[in-house]
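Peer 1: Sequence and predicted structure below; questions after.
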Amino acid sequence: MSDDVQAVIDALRASYAQDASQRARAEEFLATRSRADGFSLIALELAVRDGLDDATRQAAAVAFKNAVKRHWDPIEPEEVGAVGERETSAEEKRRVRESVVGLMLRAPRLVAAQLSEALSLVCACDFPERWEGLLPELVQRLGTPGARNYAEAAGVLTTANAIFKRYRGAVKSQELYRELKYVLDTFTKPLLELTLEVSAALEAGVHGNVEHTRQLLQCMRLICRIFYSLNSQELPEVFEDAMAEWMGTFHKLLVYVAPAELASKDAEKASEADEVKAAVCDNINLYIEKSEEEFAPYLQTFVQDVWTLLMATDQATNRDHLVTSGVKFLTAVASSVHHKLFESPDTLRQICENIIIPNLQFRDDDEELFNDNYVEYIRRDLEGSDADTRRRGSCELVKALTAKFPQHVTGAITGYVTSLLGQYVTDPNKFWKAKDAAIYLVMALTIRAKSLVKGATETNDLVNIVDFFNQHIAPELAAAKGGSHPVVRADALKFLTMFRQQLPKSLVAPLLPSLVQLLAVEENVVHSYAANCVERLLTVRDGPGAFRYTSADLAPFIQQLYTNMFQAFNVPDSAENEYVMKCVMRIIAFSGADVKPVATICLQQLSTMLLELCKNPRNPTFAHYLFESVASLVKNVSGDAALMVQFEQLLFPAFQHVLTADVVEFTPYVFQLLAQMIESYPPGVTMPDSYMAIFPALLTPLMWDRRANVTPLVRLLKAYLTKTPQAIVAGGHLQGVLGVFQKLVSNKAQDHQGFYILNSFVESLALEAWGQFLPTIWSILFQRQQTSRTPKFSRCLVVFTSALCVKHGPASVSDSVNKVQPGIFDMILDNVVAAEIAGVTGKLERKLTCVAALKFATELPATIDRPGAFAKLVAGILAQCLKPDDVENDAANDDALLEEMEVNAGYAASYSKLTQAALKETDPVPDVPDVRLHVAKTLATFSAQRPIAAIIATVPVEAQQALSEYCARAGVGLN
């Protein structure tokens, strides 16, 4: 064994050592070694070497996968001029491709899983053009009829499944269809042969050979998943031609009775037979959705098969996937043109009694989750997690049937609801599950459409929501402590939350004190739902900007509301309850300036929680809303100097801890809050020295190496430049700030942030303070434009040039640019500014560039004397004016903004924006309310001194017509 291979083995063993420093050194060694030739081959060989222990082989497989991910098709570095990762040599790639399949098939299961992932990565780059031998090898390894090794066949199918899975969500393209055709032509025939052989073997059975049957079922499940992948784009002709064989096999699988010995002994894990049947349900569901016409002849058979299967399936947790897949198929049929299969009253009754209601029941597993794992319970029940549940599937089936048979289904479900509620009334403590089922049935029956922000947006007119709320929901919410079962209370809160738009204020407002009391209950789910309900109610609007509830509605019990919210964090397991913290944020934001009397107390609580959270940040959503709450407090008390002093005293220790302890999850938030606090200082008011004391640290390169820091740090620099420009200049910090600009502008992903810094220079600093740096700045920008131009960079360059022109005059631009190289300004004006004006986006940026271009055209002698340059500028201006106006983020878009906030809550590798700390943009040209009229008037004034009609005649006809229209509106004419 060579020393090199032994060194890799030693590093692999050290990579899972208990000592963190030893692990770090090993990982660094492996990362460095992976950049050298031959590493992927060494790692691959070690992953399957028999003499090595399992942990080292597993580590080798992971190292191989990481090497493939990093070096097989390395990503171009974002830094302009930076050296990228080494690409694996062609010879090494060839050898890996030749050996990886065979090695993977004989590797242990965990090792094979890592190699399979690596193989998928290779396929994404090389298959099929550079790996033409892969499919033939897989087909050959599947074996031949009568002489198959089903264990090896399962390995081949696992590999094929990993390769083909990417077709499911792939974007349609000619390249994709060429690849699919190649796969279908090569793999479908042997796949069908294997399918029929496995099906026949299952049908025949081998008495007593349970393991053989298990292998057959494992193969069949993989075949079904491959079938799904290959049919996910559209129905291929090769499958359509063989549809009878495929559908015949699927029918046999759905009615297949597995040996009793194959029943799952794990309460959570499905049996192999159930996994196959669930996969078949997924396949026929795909066909009813995508190939309904071709599938129609088989529909009746499969509806009967799935119906029978569901009727015979018990409530065991390990059968959930099978049930949800089957119910999803029936739902798809009920939503299709074939819904009349269910139209008879007797059929609807059987569906309700035997499928919907049994699978809607609150099970012991649900109760265990409710009591012991409230986060998972809420994730499934309130948020609608990715994992399908029986209850959700049943609700979707009710919704589909109601859409097609509103009268029949509403009548039938109403009867069951009445019966369940009657049972509940006889003994609420004993039959609370009946009330739970009734509430869910009503919600499923009533909701036709819903959204994250508004709850129910379209409802069933045959259901009287208000009556049901008054009779069966409000009493549960208003009941004294212990007067209602916690699950029923949670259901009632969910009902109110879901129908918040439809329930009038006159009914809900009297219940607000009860909701506040529910925030104080011990059950985590209940106080979480109460918090969510209060928070959602405060977002309801009866028109643009017209909130249904006001701070006056909360005033009588606001003190109790704050007390109960913060006490909820003391309940076991709710210390980081994101729903309660989101409610805190909403109440603070909703209160506005009314929060001032309790602002300091709130901030004391929040800052204490923040210091505690820094020890172990676990819940990113909770942390996000905590910082949103602080930002909302800062926003609502800005302008109150006394309160801001108290805020600084409370927050600075927490901020200092985050920055000195390098709590990377929270530093972007701290930078945003610091910027917000600086921005809140009125003009002329001197900020405390503590702010300037941290400024030099903000310029250290390490701060800017983390992508999540960049956007908030740029905003923070801008806040300093806006509020303390003299202190920054006097402290000699300008060159440090420009160093940051140079670092950012060399990065394709972050160059726009560098321009934000330059634009802040223009807005906040006197030109005398930084004018001497302008030639250097231009040189950096022009070099980047010349060597690595992108559309985004060009647009940013035009905006910066325009900002400088508008603020300090066009001569400031032309003179400083010509210092880089005499006469270069004319080239930049023609080939960059004029050429890119029309591509600039953003309402303020578009107006700014038009105003600046007019100045370049009418105030610079160098442009005036060049008709071609003048015409090009005017053409660019008019092209920009012809574009429709940008839509502003007014009240009409509040829902979209709120939904975006919901989705993006939590820290991320990129940037987590605090909505409550958002900075309103300032208009750089406020004296130009209508840019089109400004264009007309400016050109008319200029033409009075120097006729331009002949030049205007050379611009595109559409632009000429637009200019004529603007002149007519402005009441001016051109000479």
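Peer 2: Nice, I can see it.
Peer 1: where's Glu458, which helix or strand?
Peer 2: Taking DSSP states H and E as the criterion, Glu458 maps to strand 455-459.
Peer 1: try Phe64
Peer 2: helix 54-71.
Peer 1: who does that helix touch, helix- and strand-wise?
Peer 2: helix 3-14, helix 39-47, helix 109-126 (3 or more CB pairs under 8 Å, 6 or more residues apart in numbering; DSSP states H and E). (Glycine included, C-beta is placed from N, CA and C.)
Peer 1: circling back to that earlier point, how far does the strand holding Glu458 sit from the chain's center?
Peer 2: Taking CA atoms, centre = their mean, to the nearest Å, one finds the center of strand 455-459 at 24 Å from the center of the full chain.
Peer 1: can you pull the buried residues of it?
Peer 2: Neighbour-count burial for strand 455-459 flags Gly455, Ala456, Thr459 (criterion: 16 or more other CB atoms under 10 Å).
Peer 1: likewise stretch 955-962?
Peer 2: In stretch 955-962, counting by 16+ other CB under 10 Å, buried: Val955, Ala959, Gln960, Ala962.
Peer 1: Quickly note the distance from the spatially closest residue to Pro236 that is not a sequence neighbour to Ala244.
Peer 2: Leaving aside its sequence neighbours, Pro236 sits nearest to Leu184 (CB to CB, 6 or more residues apart in numbering; 5.2 Å). Going from Leu184 to Ala244 by CB to CB, to the nearest Å gives 18 Å.
Peer 1: So for these two, which residue has more residues nearby?
Peer 2: Of the pair Leu184 and Ala244, Leu184 is the one with more neighbours under other CB atoms under 10 Å, namely 17 against 10.
Peer 1: Would you agree that one is in contact with Leu235?
Peer 2: No - look at Leu184 against Leu235 with CB atoms under 8 Å: they stay out of range, at 11.2 Å.
Peer 1: returning to what we had before: tell me which of the helices and strands packed on helix 54-71 is the most buried.
Peer 2: Burial of those is given as mean neighbour count (mean count of other CB atoms under 10 Å); helix 39-47 ranks first at a mean of 23.
Peer 1: what does it rub up against?
Peer 2: By CB atoms under 8 Å, 6 or more residues apart in numbering, the surrounding residues in contact with helix 39-47 are 4-5, 8-9, 12, 33-34, 52, 56-58, 60-61, 63-64, 67-68, 71, 88, 92, 95-96, 99-100, 103, 107, 111, 114-115.
Peer 1: out of those, which are buried?
Peer 2: Using 16+ other CB under 10 Å, the buried members of the contacts of helix 39-47 are 8-9, 12, 33-34, 52, 56-58, 60-61, 63-64, 67-68, 71, 88, 92, 96, 100, 103, 107, 111, 114-115.
Peer 1: possible to save the buried residues of strand 455-459 as CSV with distance to Ser814?
Peer 2: Converted to CSV, the buried residues of strand 455-459 look like this (distance: CB to CB, whole Å):
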residue, distance to Ser814
Gly455, 58
Ala456, 61
Thr459, 64
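Peer 1: Just the closest of the residues you listed to Leu322, please.
Peer 2: Nearest to Leu322 out of the buried residues of strand 455-459 is Ala456 (CB to CB; 30.3 Å).
Peer 1: give me the beta-bridge partners of that closest one?
Peer 2: With DSSP bridges as the criterion, Ala456 is bridged to Lys450.
Peer 1: residue contacts, it?
Peer 2: So Ala456 contacts Thr446, Ile447, Ala449, Lys450, Met498, Phe499, Gln501, Gln502 (CB under 8 Å, 6+ apart).
Peer 1: looking at this, the last one is in a helix?
Peer 2: Read it as Gln502. No - counting by DSSP: H, G, I helix; E, B strand; the rest coil, Gln502 falls outside a helix, being coil.
Peer 1: For whichever helix or strand Pro297 is part of, buried residues please.
Peer 2: For Pro297, the enclosing helix or strand under DSSP H and E is helix 292-311. For helix 292-311, a neighbour-count test (16+ other CB under 10 Å) marks Phe295, Tyr298, Leu299, Thr301, Phe302, Val303, Asp305, Val306, Trp307, Leu309, Leu310 as buried.
Peer 1: again, but for stretch 679-691
Peer 2: Quick answer for stretch 679-691 (16+ other CB under 10 Å): Glu679, Ser680, Tyr681, Met687, Tyr691.
Peer 1: just curious, which of those is nearest to Pro513?
Peer 2: So of the buried residues of stretch 679-691, ranked by how close each gets to Pro513 (CB to CB), first place is Ser680, at 34.3 Å.
Peer 1: doesn't Ala641 make contact with the closest one?
Peer 2: No - Ser680 lies out of contact with Ala641 (CB under 8 Å); the separation is 9.9 Å.
Peer 1: Torsion angles phi and psi at Arg35?
Peer 2: As for Arg35, its main-chain torsions (degrees, to the nearest 10) stand at phi -80, psi -10.
Peer 1: isn't it right next to Arg86, touching?
Peer 2: Yes - assessed by CB under 8 Å, Arg35 is found in contact with Arg86 at 4.9 Å.
Peer 1: Can you work out which residues contact both of the two?
Peer 2: Here Arg35 and Arg86 have His71 as joint contacts, going by CB under 8 Å, 6+ apart.
Peer 1: burial measure for Arg390, as a count.
Peer 2: Arg390, neighbours per other CB under 10 Å, totals 23.
Peer 1: pLDDT wise, what is it at?
Peer 2: Note on Arg390: pLDDT of 91.
Peer 1: Can you add mean pLDDT and give the helices and strands packed on helix 54-71 back as TSV?
Peer 2: As requested, the helices and strands packed on helix 54-71 are exported to TSV (pLDDT from 0 to 100):
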stretch	mean pLDDT
helix 3-14	91
helix 39-47	94
helix 109-126	91
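Peer 1: How far does the helix holding Phe64 sit from its chain's centre?
Peer 2: 29 Å.
Peer 1: After that helix, heading C-terminal, what element do we hit next?
Peer 2: Sequence-wise, the next helix or strand downstream of helix 54-71 (DSSP H and E) is helix 90-105.
Peer 1: Show the average pLDDT along that next one.
Peer 2: 93.
Peer 1: and if you look at stretch 151-158?
Peer 2: 91.
Peer 1: again, but for stretch 315-332
Peer 2: 94.
Peer 1: What average pLDDT does stretch 441-454 get?
Peer 2: Rounded mean pLDDT across stretch 441-454 is 92.
Peer 1: who touches it?
Peer 2: Contacts of stretch 441-454 (CB under 8 Å, 6+ apart): 356-357, 360, 394-396, 398-399, 402-403, 409-410, 413-414, 416-417, 420, 456-460, 463, 465, 468, 494-495, 498-499, 501, 539, 895, 898-899, 902.
Peer 1: Now the terminal residues of that stretch, how far apart.
Peer 2: 20 Å (CA to CA, to the nearest Å).
Peer 1: Could you check how many residues crowd around Val645?
Peer 2: Counted with other CB under 10 Å, Val645 comes out at 11.
Peer 1: pretty sure it belongs to a helix, no?
Peer 2: Yes - counting by three-state DSSP, one finds Val645 located in a helix.
Peer 1: ok, which stretches of the stretch 301-450 of the chain are strands?
Peer 2: 447-451 (DSSP state E, counting those that start in this stretch).
Peer 1: so who does the nearest residue to Asp185 once chain neighbours are set aside touch?
Peer 2: Spatial nearest neighbour of Asp185, chain neighbours left out: Val238 (7.6 Å); criterion: CB to CB, 6+ apart. Neighbouring residues of Val238 by CB under 8 Å, 6+ apart: Leu184, Asp185, Thr188, Lys189.
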